[in-house]
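K.L.:
sequence unavailable; structure follows:
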């Protein structure tokens, strides 16, 4: 006679299997997150067991836990979408060591997300300090591998390029320890003891800062931070390439009042940039050559700017804006095509720079021969005195000079 399990017993068994499967998934996920990634140091089995033992039945013996961990490691290796689980066997009683390749991933991502990550990689690798970038580089490599698998194209890193908005190429080596410590302090929400040189200055100033955010504007990074003044933190902006030193300060500063801020509002107000005329928004009027219309339509000075056409050669641009350093530099760069009409203080500001440039270029190239001849004469004099000094040294009787040697 065929027997059947009681209904309650079957439900309990299903509930047990479901809970057991959920627990196994959690164990594998914890293994995935606990395992170090290359180039970090591999993790021995004893250390791994200590970190994830809470996810296993505490009533089973140590040997059974080790076997369970090895089974879960085997299953983790099978579900990796990219990358590998590496095992380093040891001789004798020494425990084996485990680590993941830097591109290991258990998540299958769409082609669109993979493309975004490949693009983000090309951009961020130019600006992040290497000590930060190397810890996430593997995730970008995994995205690249999945994109190549999805599209059957093998050269995606050569299909995406972000060119820095500057006249020199940026590399990861351009960073310094100060920039790395700024990122660490931002993640830890720590204060920093800093040495900083203001724009256009060589003098080093001592500040106590607490980072709040970073703004990338062109090829420059700006730090938004609270500057400690007494018992108050005053919001300030700092060019991150101007830090000579940034040391994390572990001291707790509970009683300090910190200004609240909205990063979007700060960016809109160009708070991260130096500005003229006490950062006041000025109503400006420019007379521009028509060749500039396309640029000003594509990259407006002001969202509410107005273009008034005059004739076949010129138009009038009216806008309201803060005159930042970059905007003033643009006026100077385009001074051959732009004439400031209003306000007067802006006209005078641009005029000073234009006339200063004219002093260097209001001459024929042949007129530079006098300066070049002077430079050659100075170099010949320097060379003559160097030769005379060398001759005097050679005339010294080296036998009469006593030297101490070890």
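P.N.:
Perfect, I can see it now. Bear in mind the structure is a predicted one, so any value in this text is a computation, not a measurement. Numbering: from 1, shown residues only.

K.L.:
so what touches the host helix or strand of residue 347?
P.N.:
Element membership of residue 347 [criterion: DSSP states H and E] is helix 344-361. By Cβ atoms under 8 Å, 6 or more residues apart in numbering, the list of residues contacting helix 344-361 from outside reads 276-277, 282, 284, 323, 328, 331-332, 335, 340-341. C-beta here means a position set from N, CA and C on the backbone, and glycine is covered the same way.

K.L.:
then stretch 208-226?
P.N.:
With Cβ under 8 Å, 6+ apart, stretch 208-226 has contacts from 127, 164-166, 170, 179, 182, 185-186, 189-194, 227-228, 233-241, 246, 249, 256, 258-259, 261, 263, 266-267, 271-273, 326.

K.L.:
re earlier: and the helix holding residue 347, how far from the chain's centre?
P.N.:
Once both centres are worked out by Cα atoms, centre = their mean, to the nearest Å, helix 344-361 turns out to sit 35 Å from its chain's centre.

K.L.:
just the buried residues of it, please?
P.N.:
In terms of neighbour count (16 or more other Cβ atoms under 10 Å), helix 344-361 has its buried residues at 346, 349-350.

K.L.:
and the helices in the stretch 1-150 of the chain?
P.N.:
Here the stretch 1-150 of the chain has its helices, by DSSP state H, counting those that start in this stretch, at 7-34, 45-52, 62-79, 111-124, 130-133, 137-151.

K.L.:
which parts of the chain are strands?
P.N.:
Taking DSSP state E as the criterion, the chain carries its strands at 43-44, 85-88, 97-100, 191-196, 205-217, 220-229, 232-239, 243-249, 257-258, 281-289, 306-309, 314-322, 338-342.

K.L.:
same question for the helix holding residue 347, mean pLDDT?
P.N.:
Mean pLDDT, computed over helix 344-361, is 91.

K.L.:
same check, this time on stretch 364-376
P.N.:
The model assigns stretch 364-376 a mean pLDDT of 69.

K.L.:
tell me the pLDDT at the residue nearest the centre of the chain?
P.N.:
The centroid of the chain falls nearest to residue 128 when counting by Cα atoms, centre = their mean (2.9 Å). If you check residue 128, the pLDDT there is 86.

K.L.:
any figure for the gap between it and residue 270?
P.N.:
Distance, residue 128 to residue 270, using Cβ to Cβ, to the nearest Å: 24 Å.

K.L.:
same question for residue 229.
P.N.:
The gap separating residue 229 from residue 270 is 23 Å, by Cβ to Cβ.

K.L.:
more neighbours: which of those two?
P.N.:
Using other Cβ atoms under 10 Å as the criterion, residue 229 and residue 270 rank with residue 270 on top: 19 against 12.

K.L.:
residue contacts, the more buried one?
P.N.:
Residue 270 neighbours (Cβ under 8 Å, 6+ apart): 322, 324.

K.L.:
distance of it relative to residue 326?
P.N.:
Noted for residue 270: a distance of 9 Å to residue 326, by Cβ to Cβ.

K.L.:
show me the shaky parts of the stretch 251-400 of the chain.
P.N.:
Applying pLDDT under 70 to the stretch 251-400 of the chain flags residues 253-255, 259, 370-400.

K.L.:
no, scratch that, I was asking about the stretch 1-150 of the chain
P.N.:
Applying pLDDT under 70 to the stretch 1-150 of the chain picks out residues 1-21, 58-59.

K.L.:
need the helices of the stretch 1-150 of the chain in JSON lines with distance to residue 96, can you?
P.N.:
Converted to JSON lines, those look like this (distance: least, Cβ to Cβ, whole Å):
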{"stretch": "helix 7-34", "distance to residue 96": "14"}
{"stretch": "helix 45-52", "distance to residue 96": "6"}
{"stretch": "helix 62-79", "distance to residue 96": "9"}
{"stretch": "helix 111-124", "distance to residue 96": "32"}
{"stretch": "helix 130-133", "distance to residue 96": "29"}
{"stretch": "helix 137-151", "distance to residue 96": "22"}
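
K.L.:
most tightly packed of the ones you listed?
P.N.:
Across the helices of the stretch 1-150 of the chain, the average number of neighbours (mean count of other Cβ atoms under 10 Å) peaks for helix 137-151, which reaches a mean of 20.

K.L.:
residues in contact with that helix?
P.N.:
Here helix 137-151 has contacts from 37-38, 81-83, 101-105, 108-111, 113-115, 117-118, 120-121, 125, 153-154, 156-157, using Cβ under 8 Å, 6+ apart.

K.L.:
now stretch 295-303, how far from the chain's geometric center?
P.N.:
In this view, stretch 295-303 has its centroid 27 Å away from the chain centroid, taken as Cα atoms, centre = their mean.

K.L.:
outside of that stretch, which residues touch it?
P.N.:
Stretch 295-303 is touched from outside by 284, 288, 305, 307, 317, 319-321, 327, with contacts defined as Cβ under 8 Å, 6+ apart.

K.L.:
just the buried ones from those?
P.N.:
By neighbour count, with 16+ other Cβ under 10 Å, those hold 284, 288, 305, 317, 319, 321, 327 as buried.

K.L.:
shouldn't the last one be in contact with residue 321?
P.N.:
Yep, that's residue 327 we're talking about. Yes - at 6.8 Å, residue 327 counts as touching residue 321 under the criterion of Cβ atoms under 8 Å.
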